[in-house]
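Enquirer: Got a predicted structure here, sequence first:
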Amino acid sequence: MLVFDKKAELTEYLTQQRQTGKLIGFVPTMGALHQGHLSLIEASLSQTDLTVCSIFVNPTQFNNPQDLEKYPRTLEKDRELLEKAGCQVLFCPGQQEMYPNVSYTNFSFGLLETVMEGYFRPGHFHGVGLVVSKLFHIVQPNLAFFGQKDLQQCRIIEQLAKDLFFNVSVVVVPTMREADGLAMSSRNVRLQPGERKEAAILYKVLQESANRLLAGEGVQEIKKAAERTLTNTTTGVRLEYFCIADGGTLQPVKDVQQHKQLALCVAGYVGEVRLIDNLLLEL
Ligand code: AMP
């Protein structure tokens with residue numbers, strides 16, 4: 001695997017590769033890689049000729065300085081995992097390389113970010129938009145792979161690519177889960193053993209709610225029941241939101257009949273760790 005930390009060197013290498021007709025796949029990450037990230041690498045390897053993975057803990061997308069500080073950093077192990085997975089190129093720039101000057105450009109994504117993560121993490125998607133735009137310019141991928149686990153991020157990147165004429169297809173890859181259903185996340189390592197067990201409640205509630213929706217129960221009823229279960233003190237979850245939204249616009253749903261795809265989304269703290277998850281339902 002080739003490793004670059006300078007954008008100019010990576011761009012030069014990729015220009016040569018593009019000239020030989022190679023289709024370039026891109027998997028942006030913040031490292032602390034797990035099987036979920038590796039499933040994006042596998043998807044890219046199977047759909048493109050050259051897979052570029054980036055590892056950069058992007059400070060502008062953290063609205064909570066403690067979360068940034070505590071974010072796990074395991075570059076050596078990540079490098080080994082990527083090598084084993086067959087990834088061809090790793091880009092791991094330093095802070096100065098990605099942000100050589102103060103940024104003035106501001107991203108806002110309208111209604112797409114007034115809900116859920118956008119509402120609870122003000123400024124988060126500005127940071128995501130900024131760093132992904134920079135990375136898309138550097139890598140110029142044909143296909144870029146993002147995890148459904150961060151569904152709102154996927155919708156925002158799809159919009160960004162469309163609005164800014166990035167010539168890239170955004171591929172959404174299903175969420176990889178632990179045996180008890182917990183969505184894999186770099187943050188899971190920060191859960192204490194008891195919390196780790198409790199965290200499985202998030203997916204369980206999503207599944208139960210999806211079943212109730214399919215059985216024809218009303219949206220408000222299901223939402224209330226889910227919120228009740230998740231805020232029950234014995235579960236140890238500090239719920240931020242449970243939403244039943246349109247799968248495309250992510251706006252809250254009133255009448256299920258009017259939608260082709262629904263997204264059930266949840267976020268909350270287990271101990272000190274903020275976790276998110278979602279399920280998509282085709283109707
Ligand atoms: P991150 O390093 O957390 O920024 O994630 C990098 C990419 O991996 C994003 O597109 C995430 O949505 C994706 N990802 C994270 N966790 C999972 C998972 N459990 N399954 C699939 N993709 C994931």
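Expert: That came through, no problem.

Enquirer: got the buried residues for stretch 85-97?
Expert: The neighbour-count check on stretch 85-97 (16 or more other CB atoms under 10 Å) flags 85, 87-93, 97 as buried. No exception for glycine: its C-beta is placed from N, CA and C like everyone else's.

Enquirer: and those residues, which two are the farthest apart?
Expert: Spatial extent of the buried residues of stretch 85-97 (CB to CB) is set by the pair A85 and E97 at 24.2 Å.

Enquirer: Show me what from the stretch 51-200 of the chain comes close to the ligand.
Expert: Within reach of the ligand by CB under 6 Å from any ligand atom, the stretch 51-200 of the chain has these residues: 146-147, 149-150, 173, 175-176, 183-186.

Enquirer: of the residues you listed, closest to the ligand?
Expert: Taking CB to the nearest ligand atom as the measure, the ligand sits nearest to G147 out of those, at 2.3 Å.

Enquirer: Ignoring the adjacent residues along the chain, who's closest to that closest one?
Expert: V173 (5.5 Å; CB to CB, 6 or more residues apart in numbering).

Enquirer: Just give the number of residues close to that neighbour.
Expert: Around V173 there are 20 other residues, counting by other CB atoms under 10 Å.

Enquirer: Mind checking which of the residues of the stretch 51-200 of the chain next to the ligand are in helices?
Expert: Judged by DSSP state H, helices contain none of these.

Enquirer: Buried only: go through those for me.
Expert: 146-147, 149-150, 173, 175-176, 183-186.

Enquirer: Next step: those restricted to strands.
Expert: 146-147, 173 (DSSP state E).

Enquirer: could I get the residues you listed as JSON lines with pLDDT?
Expert: Formatted as JSON lines, those follow (pLDDT from 0 to 100):
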{"residue": "F146", "pLDDT": "99"}
{"residue": "G147", "pLDDT": "98"}
{"residue": "V173", "pLDDT": "98"}
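
Enquirer: and the residue lying closest to V253 once chain neighbours are set aside, bridged to which residues?
Expert: Once flanking residues are discounted, V253 sits nearest to I244: 5.2 Å by CB to CB, 6+ apart. Beta bridges link I244 to L264 when assigned by DSSP bridges.

Enquirer: number of nearby residues for I244?
Expert: I244 has 22 neighbours, counted by other CB under 10 Å.

Enquirer: Local confidence estimate at it?
Expert: In this model, I244 is scored at 98, pLDDT.

Enquirer: who are the neighbours in contact with it?
Expert: Going by CB atoms under 8 Å, 6 or more residues apart in numbering, I244 touches 209, 213, 219, 222-223, 252-253, 262-264.

Enquirer: can you tell me how far the residue nearest to G147 sits from V266?
Expert: 20 Å (CB to CB, to the nearest Å).

Enquirer: now swap in M98 and tell me
Expert: Distance check for M98 against V266: by CB to CB, it reads 31 Å.
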